[in-house]
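> Generate coordinates for the sequence data below:
(one chain, ligands or ions: 2)
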Amino acid sequence: MLILGIESSCDETAAAVVENGAAIRSNIIYSQIATHKKYGGVVPELASREHLEKIEDVVDEALKKAGVTYAEIDGIAVTQGPGLVGSLLVGINFAKGVAFAAGKPIVGVNHIEGHVYSVAFEFPPPEYPALALIVSGGHTNLFLIPEPEKYKLVARTRDDAAGEAFDKVSKLIGLGYPGGPVIDRLAKLGNKRAIIFPLAEIKEKDGSGLSLDFSFSGLKTAVLRYVRENQIEPVADPNHPSEQILDLCAGFQNAVVRALVRSLRKASERYRPRTILLAGGVACNSELRAAVQKLADDFKIPAYIPSPVFTTDNAAMIAAAGYPKLLRGECAPWDMSADVSLRLPNVDVEEAPKKKQRYRL
Ligand code: KG4
Ligand code: ZN
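Ligands and ions are numbered 1, 2, ... in the order given. Here you go, the predicted model:
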């Protein structure tokens, strides 16, 4: 089954052709980073305008590279949400137009579910239950997946997303947008033990103890305070940062990674997953990748950590997530529209039994 995937939820205009949910025939990504860089973040109005300009060329290129026509496609999968409304609408309306003209079925895909499927191209199907940590500029979620297409939200951020924290700290110290790649690079040159930022302790809302949720706004404030108290000047030349900046990058990144992995470890103890998945733009982070791999090794289970081209926003993952739906014969109604706060339905899952105590006689 050949699926055309279309993604336009944020600042990437992307189209891909994927065969049977796993084999990439083409994967075209047009990034708008150059447009938004000078504003220090994504400007929604500019994003939707640029999607509109690029979408036709990007989809044409995906079909051309795959060597197929619209007539040879079996179905279309498009991101329905969450994301920026103007951006989402460009992809959805283009996809609907194509589906109507070519007489093909169309399904709407949840962008976060798309990220879960970004492991489909380089790894065998996961063993379930799986734990999926989805970390990007807009989202920070930890899901337990008891079986394909069923999700239980185990932890989420109470404030900023992890990528957002990277971007805000980067802006604060003059390293620009996006912050993740540059902080990752500079952190390797710094000493992560020079500045130890404490992790947020988040209580369960019902007072029943500590939550697995994340919080990054306190960390951002701690970095701001550190910068002020130590009179650290913003970086003038990112190729020659001071030692203080390198240590700050290393300490900040280490705090984000510790917070993410602490929760992943607790969830692994609680639910005993058979696979760990890592996805979203922040999954490019070298320290996070190594820490998640180490955690999986400790639990003796595989970690599926995709190549960077699949962890950042792309349309191949949307096509892969749409595959089981189109295979079942699903087809969205013509009045399908963008849903900026689309959620995955939450299923109930019991905790794994605690490991049996062994008594020595
Ligand atoms: O998934 P993505 O492309 O778009 C969203 O859906 O948000 O993620 C972009 C985010 C940005 O916040 C960027 O700073 C972050 O991913 N990012 C990284 C790295 N590369 C990208 N964060 C940490 N380390 C990286 N190497
Ligand atoms: Zn994303």
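
> For the stretch 201-350 of the chain, which residues are neighbours of ligand 1?
Neighbours of ligand 1 within the stretch 201-350 of the chain, by C-beta under 6 Å from any ligand atom: Gly280, Gly281, Val282, Cys284, Asn285, Thr312, Asp313. (Glycine included, C-beta is placed from N, CA and C.)

> wait, isn't the fifth one in contact with Val257?
Looking back up the chat, that one is Asn285. Yes: when contacts are counted by C-beta atoms under 8 Å, Asn285 is listed as touching Val257 (7.2 Å).

> Compare the two and say which is more crowded by neighbours.
In this view Asn285 and Val257 are compared by other C-beta atoms under 10 Å, and Asn285 has more residues nearby, 27 against 22.

> one step back: quick one: which of the residues of the stretch 201-350 of the chain next to ligand 1 is nearest ligand 2?
Within those, proximity to ligand 2 (C-beta to the ion) peaks at Asp313, which comes in at 4.4 Å.

> hang on, that closest one is in a helix, isn't it?
No: Asp313 is assigned coil when assessed by DSSP: H, G, I helix; E, B strand; the rest coil, not a helix.

> Could you verify my assumption that it touches Ile29?
Yes: with contact defined as C-beta under 8 Å, Asp313 reaches Ile29; the gap is 7.5 Å.

> Compare the two and say which one has the larger neighbour count.
Legend: neighbour count by other C-beta under 10 Å for Asp313 and Ile29, higher for Asp313 (28 against 18).

> can you tell me how far the closest residue to Gly5 other than its chain neighbours sits from ligand 1?
Using C-beta to C-beta, 6 or more residues apart in numbering and skipping the chain neighbours, the partner closest in space to Gly5 is Ala319 (2.9 Å). Note on Ala319: its distance to ligand 1, by C-beta to the nearest ligand atom, to the nearest Å, is 17 Å.

> and if you look at Val309?
Counting by C-beta to the nearest ligand atom - Val309 and ligand 1 are separated by 11 Å.

> tally of neighbours for the residue of the stretch 101-250 of the chain found nearest ligand 2?
Nearest residue of the stretch 101-250 of the chain to ligand 2 (C-beta to the ion) works out as Ser136 at 4.3 Å. The tally of other residues near Ser136 (other C-beta under 10 Å) stands at 24.

> Contacts only, for it.
Contact analysis of Ser136 by C-beta atoms under 8 Å, 6 or more residues apart in numbering lists His115, Ala161, Ala162, Gly163, Gly280, Gly281, Val282, Thr312, Asp313.

> Over to Glu233?
By C-beta under 8 Å, 6+ apart, the neighbours of Glu233 are Gly174, Ser242.

> Give me the pLDDT for it.
The model reports Glu233 with a pLDDT of 90.

> hmm, stretch 101-118 touching ligand 2?
No: contact of stretch 101-118 with ligand 2 (C-beta under 5 Å from the ion) is absent, the minimum separation being 5.7 Å.

> Next, the distance between the ends of that stretch.
End-to-end distance for stretch 101-118: 29 Å, by C-alpha to C-alpha, to the nearest Å.

> Now do the buried residues in it.
104-118 (16 or more other C-beta atoms under 10 Å).

> So which of the residues you listed sit within strands?
Ile106, Val107, Gly108, Val109, Asn110 (DSSP state E).

> Serialize the residues you listed to CSV and add fields for pLDDT.
Formatted as CSV, these follow (pLDDT from 0 to 100):
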residue, pLDDT
Ile106, 98
Val107, 98
Gly108, 98
Val109, 98
Asn110, 97
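
> Widest-spaced pair of those residues?
Farthest pair in these (C-beta to C-beta) is Ile106 and Asn110. Separation: 14.7 Å.

> Please name the spatially closest residue to whichever residue of the stretch 51-200 of the chain sits closest to ligand 1 (chain neighbours excluded).
Here the residue of the stretch 51-200 of the chain nearest ligand 1 is Gly180; by C-beta to the nearest ligand atom that distance is 1.9 Å. Distances taken as C-beta to C-beta, 6+ apart put Phe166 closest to Gly180, at 4.3 Å, once the chain neighbours are dropped.

> How many neighbouring residues does that neighbour have?
31.

> what secondary structure does it sit in?
What three-state DSSP gives for Phe166 is helix.

> That one: what's it in contact with?
Residues in contact with Phe166 (C-beta under 8 Å, 6+ apart) are Pro178, Gly179, Gly180, Ile183, Gln253, Val256, Val282.

> Now do the contacts for the last one.
With contact set as C-beta under 8 Å, 6+ apart, Val282 has these partners: Val135, Ser136, Gly137, Thr140, Ala162, Gly163, Phe166, Gly180, Val256, Leu288.

> circling back to that earlier point, which among the residues of the stretch 201-350 of the chain next to ligand 1 gets closest to Ser48?
Distances from Ser48 to these, taken as C-beta to C-beta, are shortest for Asp313 (15.1 Å).

> who touches that closest one in this structure?
Neighbouring residues of Asp313 by C-beta under 8 Å, 6+ apart: Glu7, Ser9, Cys10, Asp11, Glu12, Ala14, Ile29, His111, Ser136, Gly281.
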